[in-house]
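Peer 1: requesting a structural model of the entry that follows:
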Amino acid sequence: MAALFPEADGTPSHPEHYELRDRLGEGGFGEVYEAWDMRLQRSVAIKTIRHGGQAGADLVREARLAASLRHAAFVKIHAIEEDAGRQYIVMERVQGRTLKQILQAGPVPLGEALDWAGQVAQAMRAAHASGLVHGDIKPSNLMVEDDGRVRILDFGLALRQDTLATETVSLGSTSAASQSDPQGTIAYMAPERLLGAAPDARADVYALGVILYELACGQRPFAALHGLALAAAQVQTSSDGWDYPDSLGTPLIALIRAMTARQPEQRVDGMDEVLRRLAGLAGVAAPAVAAPSSPLARPLKIAGAALLTAVLLGVGWRQGFPYLAGLQASVRQALVPYSETVEMESGLAALRQFDRPGSVDAAGHHFERILAHTPDSAAAAAGMSLVHAMRYGSDRQDETWLRKADASAQQALKLDDQLALAHVAMAAVRAGQGRYDDALAICAQALHLDPANFHASYFRAETLRRARRYPEARVALAEAAGRFPRERVFADELGSVEYEQGNLAAAEQAFRHSIALQPDAVTAYANLAAALMRQNRADEAARVLQQGLQVRPSDKLYTNLGNILFLRGDYVGAAAAFEDAVSPTRGNPGAYQNWANLADTLLWIPGRGGAARQAYDKARRLLAPRLERAPNDVLLVSRMGLYAARAGDADQALALMARALTLAPDGADVQFRAGLAYELLGRRKLALDAIGRALHLGYPLKYIEAEPDLVALRRDPGYHAD
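Peer 2: Next comes the predicted model:
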């Protein structure tokens, strides 16, 4: 059979039983033509393969893998032909309109968008179950036929590349003809792909998530950017900061965010989970297809390019991998002529996700870039102050962060005392110093300058809660939730307000609302578990904690898991959980309470008494500077009093507990800690009075009965659990 060599007049030669018609597209590895198969009387597409040798052999092998897929959404491979060292591929010719063409024509009804995304997810689930990934999912590679069926195309049949915002990334060397070997499209490429990672199932999930965003919102993220500027935006920002119309439902926004999380491990667990959540949005049952095992749990059969229709996409990842390293450098170079506005917006967006690992560091990177270009930027100085304040908040062991935050806030105000963000930064510093009244006054000034400032609204509400000014905190949170209905941090704060006042049902409702707003933020899972535990719903709390741990590790999750295991009498298991809570990689070693929890548990494990004393000492050292700055913070006072009792320092323990009971005589937690401290110090009558008061104020009986140090007290005739 003849190969497709050009004739003298420039037209390609062709097998005698194929009649070539229109050229559909061209890439670095060949051209694609519409053709008529005169033997079988059908329209087909024929792709030439320009390069021979190993590259051609790889492409043919990958075509065979693609041909093994049974799902109807994939373009069928009819034949692979070779002649005189050249190959070409005969495949199905698909008719219809691509999603790119459809989107250019106008908005897409949400029902159709969900249906199309579901069809793609179902097909890719089958591919992933077979060990194959696509690597180049984008609107121009998805065609909707007249009957509504979505077909998944290869690059060759995708016609022209998007010249505005989705330039195809060349992952191979430029050919002699100056044609690139396209493998991916920047706007739909996962950030890790742009930084050198090989394509995998999670990258396909990301691409489909971007497409779902575009279908739902009418335009893709960063629609005004293209080329390497677009690549930089993809790498440095999070989909949490994308613009979402108010008309979109919270569950759909949560799904898009979960599919397009910047870190691969934080994305939804494969296309099966995408289908389940899409089915819930559409109000119908998920397709009745047997669920495959997770494609992430075993190696994928990447085989050269590792792309589902790799024979049509161009180049294998082995060739593309060196380019990805070059692309990473190119992205950095492209950032040299940076945009200060983009950097500032990206930094502030990262700060909104302050409790996510890496977000505060990412924000600092953006602000540092601005200061490197513009040292007298008041906004960037204020941003760096907030970064330092949040670092201090997550690592109270290092006072340096608070001093740095103070210095940066002072500099920001000196540069521009009319900048709301500069006042927010100083408010955060004053709150960190325990000067709540000053912090609130400064927040008021910031909101006067900019009533819609998110960070001012957040620090105002948080400071009111920390100052135990709960009625005002509720008012502030209601205002903030009305202005920022999609931001889950205000639901978290409201839940904390209700929890601290013992309104457990209201706290539970608020924390569940936070999870609904952003299911991949672990803080609300830990808080919800705490509220459930207080309602004696430990088994339900344990399930919630496991859901949170599936998102990512967190010291808060491990702490509450340890509490549950402790209540069950599993002290060894509880100690393991608390050790995770103080781990530098899985928890937070700078949190004094984590060390105290570990110490409490180690006391009840034979041979661990020495380790328990070391943990108590660590907790007291971490707590001391905080208590010095906020001597009337009842939480800090009561905990330090309990730790002093554990260490046998009776004078300090009694003094601190007396102060704590004066500050919050109606605090159930405070009464419990006082009762436990008195019992440890041998003051039984005081202990009975405090524990009785704690029960009267609503402290859970289950916690008291599970406390090993109260065994003797519970046997005392003066103890009344009712």
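Peer 1: for this structure, name the helix or strand with the lowest mean pLDDT.
Peer 2: helix 310-313 (a mean of 28; mean pLDDT, DSSP states H and E).
Peer 1: where's residue 608 relative to residue 595, distance?
Peer 2: Distance, residue 608 to residue 595, by Cβ to Cβ, to the nearest Å: 14 Å. The way it works is simple: take the backbone N, C-alpha and C, and place the C-beta from them, glycine included.
Peer 1: and if you look at residue 422?
Peer 2: Relative to residue 595, residue 422 is positioned 36 Å away (Cβ to Cβ).
Peer 1: the stretch 51-200 of the chain: helices as residue ranges?
Peer 2: Assigned by DSSP state H, counting those that start in this stretch, the stretch 51-200 of the chain shows helices spanning 53-67, 99-105, 110-129, 191-194.
Peer 1: may I have stretch 414-426 exported as CSV, CA atoms only?
Peer 2: Output of stretch 414-426 as CSV, limited to C-alpha atoms (Å, rounded to 0.1, in the frame of the first residue of the first chain):
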residue,chain,number,x,y,z
LYS,A,414,4.2,55.5,56.9
LEU,A,415,4.1,55.0,53.1
ASP,A,416,0.3,55.5,52.9
ASP,A,417,-1.9,56.1,56.0
GLN,A,418,-5.0,56.2,53.8
LEU,A,419,-4.5,52.6,52.6
ALA,A,420,-7.1,50.4,54.2
LEU,A,421,-4.9,47.3,53.9
ALA,A,422,-2.2,49.0,56.0
HIS,A,423,-4.6,49.5,58.8
VAL,A,424,-5.7,45.9,58.5
ALA,A,425,-2.1,44.8,58.9
MET,A,426,-1.7,46.9,62.1
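Peer 1: list the buried residues for it?
Peer 2: Judged by neighbour count using 16 or more other Cβ atoms under 10 Å, the buried positions of stretch 414-426 are 415, 416, 419, 420, 421, 422, 423, 424, 425, 426.
Peer 1: setting aside sequence neighbours, what's the nearest residue to residue 580?
Peer 2: Closest residue to residue 580 apart from its sequence neighbours, by Cβ to Cβ, 6 or more residues apart in numbering: residue 558 at 4.2 Å.
Peer 1: tell me which element the one you found is part of?
Peer 2: Using DSSP states H and E, residue 558 maps to helix 555-567.
Peer 1: after that helix, heading C-terminal, what element do we hit next?
Peer 2: Helix 555-567 is succeeded, C-terminally, by helix 571-581 (DSSP H and E).
Peer 1: what's that following helix packed up against?
Peer 2: Contacts defined by 3 or more Cβ pairs under 8 Å, 6 or more residues apart in numbering; DSSP states H and E place helix 571-581 against helix 555-567, helix 592-602.
Peer 1: distance to residue 344 and mean neighbour count added to those, as JSON lines?
Peer 2: Formatted as JSON lines, the helices and strands packed on helix 571-581 follow (distance: least, Cβ to Cβ, whole Å; neighbours: other Cβ atoms under 10 Å):
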{"stretch": "helix 555-567", "distance to residue 344": "30", "mean neighbour count": "24"}
{"stretch": "helix 592-602", "distance to residue 344": "34", "mean neighbour count": "25"}
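Peer 1: any low-confidence regions in the protein?
Peer 2: 1-16, 25-30, 49-68, 82-86, 154-184, 196, 282-338, 395-398, 721-722 (pLDDT under 70).
Peer 1: wait, residue 353 sits on residue 359?
Peer 2: Yes: judged on Cβ atoms under 8 Å, residue 353 makes contact with residue 359 at a distance of 4.3 Å.
Peer 1: give me the common contacts of those two.
Peer 2: Common contact partners of residue 353 and residue 359 (Cβ atoms under 8 Å, 6 or more residues apart in numbering): residue 238.
Peer 1: and the helix holding residue 558 with helix 571-581, angle?
Peer 2: Between the axes of helix 555-567 and helix 571-581, defined by axes from the mean of the first three to the mean of the last three Cα atoms, to 10 degrees, the angle is 170 degrees.
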